[in-house]
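Asker: Let me see the structure of the following:
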Amino acid sequence: MTASTPIRPRFEVLTRQEMKDIHSAALDILETVGMGKPSPTVAEFAKRHGCWLNDAGRLCFPRDVVHSCMAKAAKTFTVHGRDPAFDFTARNGEVNFATGGAAVLMLDHQTREYRPSTLADLYDLARVADQLSNIQWFARPVVATDVTDNEALDMNTIYACAAGTRKHIATSFSHADHVYDAMPMLDRLAGGSFRERPFLTVHCTTVVSPLNFAEDSLDVLCAALNVGMPVHAQTGPQAGATAPAALAGTIVQVCAEGLATMSIINMIAPGHPTVLGNWAFTSDLRSGAFTGGGGEAALLSAASSQMSAFYGIPGGVGAGMSDSKLPDNQAGYEKALSMAVAALSGGGFVYESAGMLASLLGCSIEALVIDDEMLSSIRRIARGIEVTPDTLSIDEIRKATLGEGHFLGAEQTLRLMETEYDYPKLADRASPQDWADAGGSDLWERAQQTARELLACDNGPKIDPTSDKIIRSQYEILL
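Answerer: Numbering: from 1, shown residues only. Presented below is the predicted three-dimensional model:
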């Protein structure tokens, strides 16, 4: 099983002083502008801890209150899979890769055309992700558009994810009551008490940018805290649209919004397992539309990741959000740029890391498979170069220079070839003639074949028959 990868090299978009300046500006915003539309429950908790409502009804956070709350935030916690073999630890300075998104379109792996995403697609994506070694956390990548009732959608999304993978899963809830309604299923899937092994994280987009709380999502957040459900607290301002066009200003706003939510969480449930979701997005300023590719998106993800590291808590950013509609060269370079710099910046989790296309509107199983291979290389980059007396290789250089003139059969080469190097399974390294003789396939075709093989693989049910029968008697399961 793939564990978290310690980050040795760092891609630093921001200097230490610049991070301090951004943090200070975010605190100024929270104290003087505040957050609009707090729910009554949140406002009451906050006022008890020293916050106040200004004349405009906005909730203002004093600096010392924010600092006190952040000091209580969980710096590390266990991320539970449904199978303990998939457990790992979330902490600052290690990189973890998760899927994610809420695509409403699926690039069909048989017809190669887009169509509305379905519950069956979600299940298939979970089944494939279960077999991919570089994806640690399966966050729902697509919306089951064929399930129209909100509560049925929430319950069936959980079921489809759990039926497809033994890894940690994540989803959102449309209403706080649905969190409580889901608990019998979650306890059954946990094999006892969900609170003891909370294998599902709720994605709560608690902020509507700029600087307003989302009341329904705050209610979901409070319900999650009450039942012991881990939280990914997200905000997603879009530079040039719902955040300043200046990239630094967008980072200030995303930090202010994230700090506000983290403060509320640690007022209500100090130390609750939480990922700080400082998602800073970009716009194409010619049209105002969201864009997931390009250097600006990569810079904002890296800077957000750095700020999570600055706060010393596990953070999550979105990357890999290509604007391309196909798993092609555009998707490759946009994903590689944003994924590499986000992973090397130190924040913790990188979401949307596999499968997403069309500026998050589309998802593809082939892209999921291709991106998993990309993540293997990014993990290798994150590990860095180990410098030791052995790896300095003075004796090996001397022996080869004075002996056979190469290192191909050297003891060190044989010993390190499986640990120092990463070998692709889909990317082609053959000569042009050998490639042509083998059929001349492109990466999409090879990924399509791999996807078919993974979908055909039957490695046993992920939900035991007894639990499945009980769950189906309690819920309207549509899969």
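Asker: Tell me who's in contact with the spatially most distant residue from the centre of the chain.
Answerer: When distances are taken from the C-alpha mean of the chain, Leu402 lies farthest, 50.4 Å away, according to Cα atoms, centre = their mean. Leu402 makes no contacts at all, as judged by Cβ atoms under 8 Å, 6 or more residues apart in numbering. (Each C-beta comes from the backbone N, C-alpha and C, glycine too.)
Asker: Can you give me the pLDDT of it?
Answerer: In this model, Leu402 is scored at 96, pLDDT.
Asker: same thing with Ala3?
Answerer: 75.
Asker: Identify the single longest helix in this protein, thanks.
Answerer: helix 247-268 (DSSP state H).
Asker: in it, what counts as buried?
Answerer: The neighbour-count check on helix 247-268 (16 or more other Cβ atoms under 10 Å) flags 247, 250-268 as buried.
Asker: what does stretch 13-21 give?
Answerer: Buried residues in stretch 13-21, defined by neighbour count with 16+ other Cβ under 10 Å: Val13, Leu14, Glu18, Met19.
Asker: what mean pLDDT does that stretch have?
Answerer: Stretch 13-21 comes out at a mean pLDDT of 96.
Asker: How much space separates the residue farthest from the centre of the chain from Ile394?
Answerer: 13 Å (Cβ to Cβ, to the nearest Å).
Asker: Repeat that for His406.
Answerer: 17 Å.
Asker: Tell me which residue lies nearest the centroid of the chain.
Answerer: Tyr351 (2.1 Å).
Asker: Just confirm that residue contacts Ala319, I think it does.
Answerer: Yes - counting by Cβ atoms under 8 Å, Ala319 is a contact partner of Tyr351 at 7.5 Å.
Asker: Would you mind pulling up the elements that the helix or strand of the chain with the lowest mean pLDDT packs against?
Answerer: Sorting the helices and strands of the chain by mean pLDDT, DSSP states H and E puts strand 5-6 at the bottom, at a mean of 76. Judged by 3 or more Cβ pairs under 8 Å, 6 or more residues apart in numbering; DSSP states H and E, strand 5-6 is in contact with strand 94-97, helix 365-383.
Asker: Run the angle between the helix or strand following that strand and helix 247-268 for me.
Answerer: Later in the chain than strand 5-6, the nearest helix or strand by DSSP states H and E is helix 16-32. If you take axes from the mean of the first three to the mean of the last three Cα atoms, to 10 degrees, helix 16-32 sits at 60 degrees to helix 247-268.
Asker: Which other helices and strands does the helix or strand just after helix 16-32 contact?
Answerer: Reading on from helix 16-32 to the C-terminus, the next helix or strand found by DSSP H and E is helix 40-48. Using 3+ Cβ pairs under 8 Å, 6+ apart as the contact test, the elements touching helix 40-48 are strand 59-60, helix 215-227, helix 247-268.
Asker: and with 7 Å instead?
Answerer: Helices and strands touching helix 40-48, as assessed by 3 or more Cβ pairs under 7 Å, 6 or more residues apart in numbering; DSSP states H and E, comprise helix 247-268.
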